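A.B. asks: coords please:
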Amino acid sequence: MADLGRARANARLPPEVNRIIFVKNLPFKITAEEMYDIFGKYGAIRQIRMGNTPATVGKAFVIYEDIFDAKNAVDHLSGFNVCGRYIIVLYHQPGRTKKVDMKKKEENLAALKKKYQL
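C.D. replies: Residues are numbered from 1 along each chain as shown. Model prediction:
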């Protein structure tokens, strides 16, 4: 058992691997208990956050205690069939979200409208 812990400590993981995983295409009626049953098989879960607005329903964040448990879950559950839907499991990457500058977009749109006389 000590060898397993030592092997985990020396393992190199890709930079995108994270304790937080993002799950898409979940059935809209899935419960938190069912989520814990599915994702808890791969390790201790700290928290599950499920979407509750029309834009976020069917999506969830699962936060594991250990990064290796999260990696194991992503490896095994991506494409897993849950109630007739194949879930998409990805590592959460907070830096990949882009902030949109609406003022700049509106100025660009106005310039294009002026250019093409719309």
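A.B. asks: in the helix ranked longest in the chain, what counts as buried?
C.D. replies: In the chain, with assignment by DSSP state H, the single longest helix is helix 102-115. When burial is assessed from 16 or more other CB atoms under 10 Å, helix 102-115 yields no buried residues. The C-beta positions use only the backbone N, C-alpha and C, and glycine is treated the same way.
A.B. asks: so how far is it off the chain centroid?
C.D. replies: Centroid displacement of helix 102-115 relative to its chain, using CA atoms, centre = their mean, to the nearest Å, is 33 Å.
A.B. asks: keeping just the C-alphas, turn that helix into PDB.
C.D. replies: The C-alpha trace of helix 102-115 is given here as PDB (Å, rounded to 0.1, in the frame of the first residue of the first chain):
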ATOM      1  CA  MET A 102     -19.600  44.400 -24.900                       C
ATOM      2  CA  LYS A 103     -18.700  48.000 -25.400                       C
ATOM      3  CA  LYS A 104     -15.900  47.100 -27.900                       C
ATOM      4  CA  LYS A 105     -18.200  44.600 -29.600                       C
ATOM      5  CA  GLU A 106     -21.000  47.300 -30.000                       C
ATOM      6  CA  GLU A 107     -18.500  49.800 -31.400                       C
ATOM      7  CA  ASN A 108     -17.200  47.200 -33.900                       C
ATOM      8  CA  LEU A 109     -20.800  46.400 -34.900                       C
ATOM      9  CA  ALA A 110     -21.600  50.000 -35.400                       C
ATOM     10  CA  ALA A 111     -18.500  50.500 -37.500                       C
ATOM     11  CA  LEU A 112     -19.500  47.500 -39.700                       C
ATOM     12  CA  LYS A 113     -23.100  48.800 -40.100                       C
ATOM     13  CA  LYS A 114     -21.700  52.200 -41.100                       C
ATOM     14  CA  LYS A 115     -19.300  50.600 -43.600                       C
END
